[in-house]
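Colleague: sequence first, then the predicted structure, then my questions.
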Amino acid sequence: MMAISLVFHHAPKVLLARAARPVPLPGVAFRYSMAARTVKVGAAQMTSTNDLAANFNTCSRLVKEAAAAGVKLLCFPENFSFIGAKDGESLKIAESLDGPIMQGYCSLARDSSIWLSLGGFQEKGCDSSHICNTHVLIDDHGNIRNKYRKIHLFDVDVPGNMVYKESSFTTPGDDLVVEDSPAGRLGLTVCYDLRFSELYQQLRFQHQAQAWFKPFSLQGLLWLAVLLVPAAFTKVTGEAHWEILLRSRAIETQCYVIAAAQAGKHNDKRESYGDSLIIDPWGWIVARLPDRITTGIAAADIDLSVVDSVRSRMPICEHRRPDIYSRAASL
């Protein structure tokens, strides 16, 4: 794998990173348009605990820093508002989306005039023993624009680590969700979803945009442009697969990927890998923090002309054969 050279620029308490311009592959024309319309986005990294007020204060600080740096969409990781230290704590604090916890974040978005992607909120479920792991998208007026309930639940025996059974207290969602934003059309997912490429294929190829925000509209760019992956990957799985999976999803869908991550030790039992990333449609990392456990923001420009350029030069959408993929293999 070709090494990526990162140059860091400093805005007030916000670390910005840009990858070196990629070297074109043989036979593939690739260029970044210097005159393209862009919008700045950010991927937050934090270490949430079971203190709702402390987590909100951290998010509030990061929102203000991001807004001051010109970020229009800031993405927070899974469980941004709460990570329990004991079994059952998430059930006790779970609320509906019109409750005081989420309404506090709506006010935060409105006061700073910024869009927020809030991944992995503990939404009250259908009964007292279940919650929904809900990704909430809030616009710059403080309105909830859409919500996605995590489909794939983390029931895994992590080698050398812990046994996780998310389904024991979480009800899975059953809807795919896309939403228009100033950064283009977004596909909403959460953490463990990242391992299921079929989900991202469906988001990319089955959800054609009907109306772009006019300032960012590009002729010919009619599809999903950005995938959101808020996460709390374990240290073991993150070391092995985090970056590889994210870059794979970006390459195979030809989308930007914004991956906001939990980082470091939340309590005596739980530790997250960190490494918040923004990846472009060619698979290049265009922003990341200098280390995996820093609380801060990785910011980069979403350039919709890059999406258009990659797709026009490698038109995989035109080359797909869904008529064949659904057939049983011949023996």
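Modeller: Right, received. Where do you want to start? Numbering: from 1, shown residues only.
Colleague: can I take it that residue 250 is in a strand?
Modeller: No: if the criterion is DSSP: H, G, I helix; E, B strand; the rest coil, then residue 250 is helix and not within a strand.
Colleague: isn't it up against residue 227?
Modeller: Yes: the criterion here is Cβ atoms under 8 Å, and residue 250 meets it with residue 227 at 7.4 Å. For every residue, glycine as well, the C-beta is placed using N, CA and C.
Colleague: any shared contact partners between those two?
Modeller: 256, 257 (Cβ atoms under 8 Å, 6 or more residues apart in numbering).
Colleague: run the chain-centre distance for whichever strand or helix holds residue 287.
Modeller: Residue 287 belongs to strand 285-288 when elements are defined using DSSP states H and E. Relative to its chain's centre, strand 285-288 lies at 13 Å (Cα atoms, centre = their mean, to the nearest Å).
Colleague: which neighbours does that strand have in its sheet, and in what orientation?
Modeller: strand 277-279 (antiparallel) (DSSP bridges).
Colleague: other residues contacting the partner strand?
Modeller: With contacts defined as Cβ under 8 Å, 6+ apart, strand 277-279 is touched by 41, 43, 243, 246-247, 250, 256-259, 261, 285-288, 298-300.
Colleague: redo that, cut-off 7 Å
Modeller: Outside of strand 277-279, the residues that reach it under the criterion Cβ atoms under 7 Å, 6 or more residues apart in numbering are 41, 43, 243, 246-247, 250, 256-259, 285-288, 298, 300.
Colleague: of all the residues you listed, which comes closest to residue 232?
Modeller: Each of the contacts of strand 277-279 was scored against residue 232 by Cβ to Cβ, and residue 259 proved nearest at 11.4 Å.
Colleague: which residues touch that closest one?
Modeller: Neighbour list for residue 259: 43, 229, 231, 246, 276, 277 [criterion: Cβ under 7 Å, 6+ apart].
Colleague: pretty sure the first one contacts residue 257?
Modeller: No: between residue 43 and residue 257 there is no contact under Cβ atoms under 7 Å: 9.5 Å.
Colleague: the spatially closest residue to residue 259 that is not a sequence neighbour and residue 198, how far apart?
Modeller: Taking Cβ to Cβ, 6 or more residues apart in numbering, and ignoring the residues beside it in sequence, residue 259 has residue 229 as its nearest neighbour in space, at 4.4 Å. With distances taken as Cβ to Cβ, to the nearest Å, residue 229 is found 15 Å from residue 198.
Colleague: when the two are compared, which one has more neighbours?
Modeller: Just comparing residue 229 and residue 198: by other Cβ atoms under 10 Å the higher neighbour count belongs to residue 229, 32 against 7.
Colleague: who touches that one in this structure?
Modeller: Residues counted as contacts of residue 229 (Cβ under 7 Å, 6+ apart) are 189, 194, 246, 257, 259.
Colleague: circling back: tell me which of the contacts of residue 259 fall in strands.
Modeller: Among the contacts of residue 259, DSSP state E puts 43, 277 in strands.
Colleague: would you state the helices of this protein in chain order?
Modeller: Residue ranges of the helices in the chain, as given by DSSP state H, are 52-68, 89-93, 100-112, 197-206, 235-253, 304-313, 316-319, 322-325.
Colleague: what would those helices look like in a markdown table with mean pLDDT and distance to residue 293?
Modeller: What follows is the helices of the chain, written out as a markdown table (pLDDT from 0 to 100; distance: least, Cβ to Cβ, whole Å):
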| stretch | mean pLDDT | distance to residue 293 |
| --- | --- | --- |
| helix 52-68 | 98 | 14 |
| helix 89-93 | 95 | 23 |
| helix 100-112 | 98 | 24 |
| helix 197-206 | 94 | 27 |
| helix 235-253 | 97 | 10 |
| helix 304-313 | 94 | 30 |
| helix 316-319 | 92 | 36 |
| helix 322-325 | 90 | 41 |
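Colleague: any chance of these in TSV, plus distance to residue 143?
Modeller: Compiled in TSV, the helices of the chain are given as follows (distance: least, Cβ to Cβ, whole Å):
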stretch	distance to residue 143
helix 52-68	16
helix 89-93	24
helix 100-112	7
helix 197-206	23
helix 235-253	28
helix 304-313	23
helix 316-319	32
helix 322-325	35
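Colleague: who wins for proximity to residue 154 among the ones you listed?
Modeller: In this view, these are compared for proximity to residue 154 by Cβ to Cβ, and helix 235-253 is the closest at 9.6 Å.
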